[in-house]
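Visitor: just to be clear, the model below is a prediction. Sequence and coordinates:
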Amino acid sequence: IVMLHLILEYKPDIKVIWITFPETKYLNNYYEVSEKWKEIFKINLEEIFIDIPADVNFNDKEAFPKHPYDSYFVGITSEESVKRRITLKTKGKFYKKNDGMIRIAPLANWQINAIAAYILSNKLPFLESYKNEGFESRTVTGFTEDLYAFRLNQLNELKHRNIISYNQLITEYPGLKNYV
């Protein structure tokens with residue numbers, strides 16, 4: 001959220017790409033927040049839906065769509081996880097990946113309190129789960145080394161946080177009830 005806002009301040013017409021998974025609509029108020037961003041900031045948004053059912057073990061990042069860009073911004077911080085802290089320390093804020101893409105992480109050294117203060121002081125739309133669980137909670141469903149385990153952890157949290165959304169997801173993907 002912070003990274004997006006900072007970039008939009010500099011270049012309001014930049015193309016914004018959001019990648020979502022099928023269960024995204026159940027995990028948070030993603031679509032509500034997405035609509036607010038479109039309305040308030042008039043973002044040039046491309047949403048990419050990765051159609052991989054939530055009950056399928058998926059760790060193949062090669063399946064993600066390719067774009068003609070040579071770099072991308074991410075709003076990750078070293079406080080989010082041990083793995084991110086290690087990666088950012090060893091690779092730095094500018095990191096050329098094996099596929100040639102350059103990942104740029106300008107917020108790498110920001111602390112959670114600074115992120116929260118920026119979001120609140122700029123009145124940026126953000127996910128409900130940040131209100132309920134704090135800004136230190138992780139709300140994404142993808143882009144971890146063990147995507148399958150991470151997604152299942154998110155589903156378990158959803159079951160405790162919002163049983164109605166959990167039941168809707170189980171109805172759509174019945175195989176998930178075996179894992180949660």
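Guide: Everything's here; your move. Being a predicted model, the structure only gives us computed values, none of them experimental.
Visitor: show me where the chain has its helices.
Guide: 2-10, 24-27, 30-41, 82-91, 112-121, 128-133, 147-161, 163-172 (DSSP state H).
Visitor: how about the last one: buried residues?
Guide: When you say that, I think you mean helix 163-172. Ser165, Tyr166, Leu169, Ile170 (16 or more other CB atoms under 10 Å). Every residue, glycine included, has its C-beta placed from N, CA and C.
Visitor: re the thing from before, Gly75 is nearest to which of the helices of the chain?
Guide: helix 2-10 (3.1 Å; CB to CB).
Visitor: and the angle from that closest one to helix 30-41?
Guide: 20 degrees (axes from the mean of the first three to the mean of the last three CA atoms, to 10 degrees).
Visitor: would you mark the buried spots in helix 2-10?
Guide: Val2, Met3, Leu4, His5, Ile7, Leu8.
Visitor: now do stretch 111-126
Guide: Those would be Ile115, Ala116, Tyr118, Ile119, Leu124, Pro125, Phe126, for stretch 111-126 by 16+ other CB under 10 Å.
Visitor: columns pLDDT and distance to Asp13 on top of those, output as a markdown table?
Guide: As requested, the buried residues of stretch 111-126 are exported to a markdown table (pLDDT from 0 to 100; distance: CB to CB, whole Å):
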| residue | pLDDT | distance to Asp13 |
| --- | --- | --- |
| Ile115 | 91 | 25 |
| Ala116 | 91 | 28 |
| Tyr118 | 95 | 22 |
| Ile119 | 93 | 22 |
| Leu124 | 94 | 19 |
| Pro125 | 93 | 19 |
| Phe126 | 89 | 23 |
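Visitor: could you save these as a markdown table and add columns showing distance to Ile48?
Guide: Converted to a markdown table, those look like this (distance: CB to CB, whole Å):
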| residue | distance to Ile48 |
| --- | --- |
| Ile115 | 24 |
| Ala116 | 28 |
| Tyr118 | 26 |
| Ile119 | 24 |
| Leu124 | 22 |
| Pro125 | 20 |
| Phe126 | 21 |
